[in-house]
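**Q** Please work out how this folds:
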Amino acid sequence: QVQLVESGGELVQAGGSLRLSCAASGRTFSSYVMGWFRQAPGKEREFVAVISSSGAYTVYADSVKGRFTISRDNAKNTVYLQMNSLKPEDTANYYCAGGQYYSRDQTRFGSWGQGTQVTVSS
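**A** Numbers count the residues shown, from 1 in each chain. Got it, this is the predicted structure:
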């Protein structure tokens with residue numbers, strides 16, 4: 001499995017932008033499908049975005065489509081989540097995850113980071 005460490009979360013005003021990063025250890029990062037998920041207080045963890053191992057394909061949750069962009073740099077073993085036009089409802093702990101299946105289903109991801117907190121104030 002790959003070890004993952006997220007960073008970039010912070011407090012931001014509504015309408016602002018943030019870029020989250022997820023650094024992976026290991027030489028097999030480029031073979032992993034990578035995803036971002038989030039969990040708000042009192043809610044279940046939910047899918048945000050997924051990117052194929054090559055970076056050629058992406059899928060987004062309807063709630064973030066057009067505002068968030070997932071990308072990856074396999075040379076740097078890093079996946080990113082660019083978040084624009086942030087809303088208070090985007091407040092959550094954001095997790096990156098790695099797996100072998102191109103899927104929205106979090107059970108398909110076997111490697112998880114510890115999360116990074118994003119708080120959007122109104």
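**Q** Going by C-alpha atoms from here, please, whenever you check contacts or count neighbours.
**A** OK.
**Q** First-to-last residue distance for stretch 33-44?
**A** Stretch 33-44 stretches 22 Å from its first residue to its last (Cα to Cα, to the nearest Å).
**Q** contacts for it?
**A** Residues from elsewhere that reach stretch 33-44 (Cα atoms under 8 Å, 6 or more residues apart in numbering): 45-53, 79, 81, 91-102, 104, 106.
**Q** please redo it, this time with the cut-off set to 6 Å
**A** In this structure, residues lying in contact with stretch 33-44 by Cα atoms under 6 Å, 6 or more residues apart in numbering are 45-53, 92-100, 102.
**Q** Double-check L11 against Q117; I have them as touching.
**A** No: the pair L11 / Q117 is not scored as a contact, 8.3 Å apart, by Cα atoms under 6 Å.
**Q** Compare those two (neighbour count), which wins?
**A** Remark: of L11 and Q117, Q117 carries more neighbours, 20 against 13, as counted by other Cα atoms under 10 Å.
**Q** Next, the more buried one: secondary structure please.
**A** strand (DSSP: H, G, I helix; E, B strand; the rest coil).
**Q** Tell me what the nearest residue to it once chain neighbours are set aside is bridged to.
**A** Using Cα to Cα, 6 or more residues apart in numbering and skipping residues adjacent in sequence, the residue nearest Q117 is N93, 4.3 Å away. Legend: beta-bridge partners of N93 under DSSP bridges are Q39, Q117.
**Q** give the contact list for N93.
**A** Listed by Cα under 6 Å, 6+ apart, the contact partners of N93 are 38-39, 115-117.
**Q** and if you look at G115?
**A** In this structure, G115 makes contact with 6, 93-95, judged by Cα under 6 Å, 6+ apart.
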